[in-house]
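> Please find the sequence and the predicted model below.
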Amino acid sequence: MMTIRSVLAACAFSLCAGVAVAHAEDPPEKQHKLLDELLIPSDKVRHEQPDTDGQRPIVAVVVPHSNIFPALVVAQAGMQEREHEDGEEEKDEKNLGDPFGVLGVGVVAPADGVVVKVVVSSPSIMQDSSFEGTLATEGETYSLSPKIKWKYEKLLRNRQQVPVDVSFRVKVGDAPWKEITKTCTLRSINDCLLAFDIGEEYTDTTWLYAAYVNEDHPWVDGILKDALATGVVESFTGYQSQDPEEVMKQVYAVWRVCQNRGIRYSDISTVSAQKRSVVSQHVRFLDECMKNKQANCIDGTVMFASVLRKIGIQTHIVTIPNHAFLTFRPNKDADDEVGLETTLMGRVGKEAFEQKEARLGKLFKLLGEHETYEEASFRTFEEAVAIGSKNFRDNLEHFANSEEDPNYWFISVDEAREKGVRPLAYMVEEDRDERGDRDRRPSDEKPKRGR
């Protein structure tokens, strides 16, 4: 049987040996000021006849395509505006307000220096949010996005798409207030926005997968506790040992726990509000994978990345057409990447293995094919590393040209955090299920039973 050392030697691949890898599209800096001329039908706004009250039409926009993605809103909450090389914030004179705003209005200035006020409200998901600014030049189209006072806990708890009404009240100069109400779709927190179109342009938001990596999830400590109990490692030290073999052992210890808990591959990726103009993916959270013992490729990838980041191991989310997997660095100071195909976790489950052993163990011994659970678990880890590393190596050139083919991305979770992409916080369940049970346990430990 191969050892950790031989697995590492066989599968580690240096980025320096291949082409330069392009990271996933940077988390939005100015790009998500989405009320620009691609979204606002500015030609229509300019050339339409004034309303009966003498005002130009005002356009209300909810991006993307009248969908509100809680995951996008929460993930962007910590981002800062892009800065010039001289350290000053980059300004766009025609895009006013929140640079990451997904709610706003488009207004044509009726004269130079006109003051405009905007109030956006939707009581179930936000407090009333306002913006006041000046439209500098007559005839120019401006986009105005108030900094929304979101009710983040409400967004994080939303697990099913629901309709919500969003009201926009606008006052341009001395004209009376005008109100527009749009009925939008509030998406599930599990819906990860991947891409959407803006006119003829296509905006990629695959970086949002990084928000589903939650190294602060309270269940991670329970996973690490169980991983120590396997005896594979004595402690989780990340890169402190400066020994790549020790890092591989830590990754394998986590793998063993996931197999012990019986997590199997299960593809649940369809979302009910999918449109061709808006592409999204349902992503399970770590606790959902553990409780339901199910994970598809992206679920397993973000789950593993959550645990590995907790112990300080650098991770990347890799996407190729119709698939996702994980890579990690066994050496902090080198560009070596090791792939991990998380969908193989379910090939050896401890409970299923023990049942099979009870039925057929004697026969396997007679045939000379007997294998312990520990051997079977490590064998699948070998396969997962070999397949993941080969997938990464085979697609390396595509990552370098990811702008031409958005199906290929190499997302650094570390870089996403540096740019302000927040992990989506774990929310303890509040509502009773159909049986009246309530789950308020802050960890994944099973309740103790009396003797």
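The structure has been received and is ready for your questions. Numbers count the residues shown, from 1 in each chain.
> I'd like the mean pLDDT over the longest helix anywhere in the chain, please.
Ranked by residue count and defined by DSSP state H, the top helix of the chain is helix 373-394. On average, the pLDDT along helix 373-394 is 89.
> Kindly export the very next helix or strand once past it (C-alpha atoms) in CSV.
Following helix 373-394 in sequence order, the next helix or strand is helix 396-400 (DSSP states H and E). The C-alpha atoms that make up helix 396-400 are tabulated as CSV, following Å, rounded to 0.1, in the frame of the first residue of the first chain:
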residue,chain,number,x,y,z
LEU,A,396,-4.2,23.9,-16.1
GLU,A,397,-4.1,25.7,-19.5
HIS,A,398,-7.8,26.3,-19.3
PHE,A,399,-7.4,28.2,-16.0
ALA,A,400,-4.8,30.5,-17.6
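> which parts of whichever helix or strand comes after helix 396-400 are buried?
Where DSSP H and E defines the elements, the next helix or strand beyond helix 396-400 is strand 409-412. Neighbour counts over strand 409-412 (16 or more other C-beta atoms under 10 Å) mark 409, 410, 411, 412 as buried. In short, each C-beta sits where N, CA and C put it, glycine included.
> Figure out how far strand 409-412 is from the centre of its chain.
The chain centre lies 12 Å from the centre of strand 409-412; the measure is C-alpha atoms, centre = their mean, to the nearest Å.
> Likewise for stretch 284-296?
Centre-to-centre, stretch 284-296 and its host chain are 15 Å apart (C-alpha atoms, centre = their mean).
> Can you measure across that stretch, start residue to end residue?
9 Å (C-alpha to C-alpha, to the nearest Å).
> ok, back up a step: for the longest helix of the chain, name the packing helices and strands.
Under the contact criterion of 3 or more C-beta pairs under 8 Å, 6 or more residues apart in numbering; DSSP states H and E, helix 373-394 touches helix 4-11, strand 13-14, helix 244-260, strand 315-320, strand 323-328, strand 336-340, helix 350-366.
> The fourth one packs against which elements?
On a contact count with 3+ C-beta pairs under 8 Å, 6+ apart, strand 315-320 meets helix 297-310, strand 323-328, helix 373-394, strand 409-412, helix 413-418.
> Note down every partner strand of that strand and its orientation.
strand 323-328 (antiparallel), strand 409-412 (antiparallel) (DSSP bridges).
> What distance do you get for residue 302 to residue 413?
9 Å (C-beta to C-beta, to the nearest Å).
> May I have the beta-bridge partners of residue 295?
Here residue 295 sits in beta bridges with residue 265, as judged by DSSP bridges.
> ok, it - how many residues close by?
28 (other C-beta atoms under 10 Å).
> tell me the contacts of it?
Going by C-beta atoms under 8 Å, 6 or more residues apart in numbering, residue 295 touches 263, 264, 265, 266, 284, 289, 303, 342, 343, 345.
> Spit out the contact partners of the fourth one.
With C-beta under 8 Å, 6+ apart as the criterion, the residues that contact residue 266 are 292, 294, 295, 296.
> so which of those residues is the most crowded?
Busiest of the contacts of residue 266 [other C-beta under 10 Å] is residue 295, holding 28 neighbours.
> On the pLDDT front, check that residue for me.
pLDDT at residue 295 comes out at 94.
> any idea how far residue 100 is from it?
30 Å.
> same deal with residue 140?
When distance is defined by C-beta to C-beta, residue 140 is 22 Å away from residue 100.
> Between the two, tell me which one has more neighbours.
residue 100 (25 against 15).
> Just confirm the more buried one contacts residue 75, I think it does.
No - assessed by C-beta atoms under 8 Å, residue 100 is found out of contact with residue 75, at 9.8 Å.
> could you point out which element follows the helix or strand of the chain with the lowest mean pLDDT?
Using mean pLDDT, DSSP states H and E, the weakest-scoring helix or strand in the chain turns out to be helix 42-47, at a mean of 44. Next helix or strand after helix 42-47 toward the C-terminus (DSSP H and E): strand 59-62.
> Give me the mean pLDDT for stretch 128-144.
On average, the pLDDT along stretch 128-144 is 94.
> how long is that stretch from one end to the other?
First-to-last distance for stretch 128-144 - C-alpha to C-alpha - comes to 15 Å.
> Go through that stretch and flag the buried ones.
Using 16+ other C-beta under 10 Å as the test for burial, stretch 128-144 gives 129, 131, 133, 135, 141, 142, 143, 144.
> Buried residues of the longest strand along the chain, list them for me.
Secondary structure of the chain per DSSP state E: the longest strand is strand 162-172. Buried residues in strand 162-172, counting neighbours by 16+ other C-beta under 10 Å, are found at 164, 166, 168, 169, 170, 172.
> Closest to residue 70 out of those?
When the buried residues of strand 162-172 are ranked by distance to residue 70 (C-beta to C-beta), residue 164 comes first, at 11.2 Å.
> before we move on, the earlier item: got the buried residues of strand 162-172 as JSON lines, with distance to residue 314 columns?
Formatted as JSON lines, these follow (distance: C-beta to C-beta, whole Å):
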{"residue": "164", "distance to residue 314": "39"}
{"residue": "166", "distance to residue 314": "40"}
{"residue": "168", "distance to residue 314": "43"}
{"residue": "169", "distance to residue 314": "47"}
{"residue": "170", "distance to residue 314": "47"}
{"residue": "172", "distance to residue 314": "50"}
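> Quick check: residue 146 touching residue 120?
Yes - look at residue 146 against residue 120 with C-beta under 8 Å: they come within range, at 5.2 Å.
> shared neighbours of these two, which are they?
Joint contacts of residue 146 and residue 120 (C-beta under 8 Å, 6+ apart) are 103, 104, 129, 130.
> Inside strands: which ones of those?
Per DSSP E, those map to strands at 103, 104, 129, 130.
> Measure how buried the first one is and give me the count.
This points to residue 103. As a burial measure, residue 103 scores 27 neighbours (other C-beta under 10 Å).
> How confident was the prediction at it?
Looking at residue 103, the pLDDT reads 93.
> partners of it in the sheet?
Residue 103 has these beta-bridge partners by DSSP bridges: residue 62.
> need the contact list for it.
Neighbouring residues of residue 103 by C-beta under 8 Å, 6+ apart: 61, 62, 63, 68, 120, 145, 146, 148, 166, 168.
> same deal with residue 328?
By C-beta under 8 Å, 6+ apart, the neighbours of residue 328 are 247, 251, 308, 313, 314, 315, 316, 337, 338, 340.
> Go ahead and confirm the fourth one touches residue 253.
No - in terms of C-beta under 8 Å, residue 313 does not count as a neighbour of residue 253; the distance is 11.7 Å.
> before we move on, the earlier item: contacts for the longest strand of the chain next, please.
55, 58, 60, 62, 68, 103, 105, 107, 110, 114, 116-122, 124-125, 135, 144, 177-186.
> Compare the mean pLDDT across the strands paired with strand 315-320 and name the weakest.
strand 409-412 (a mean of 92).
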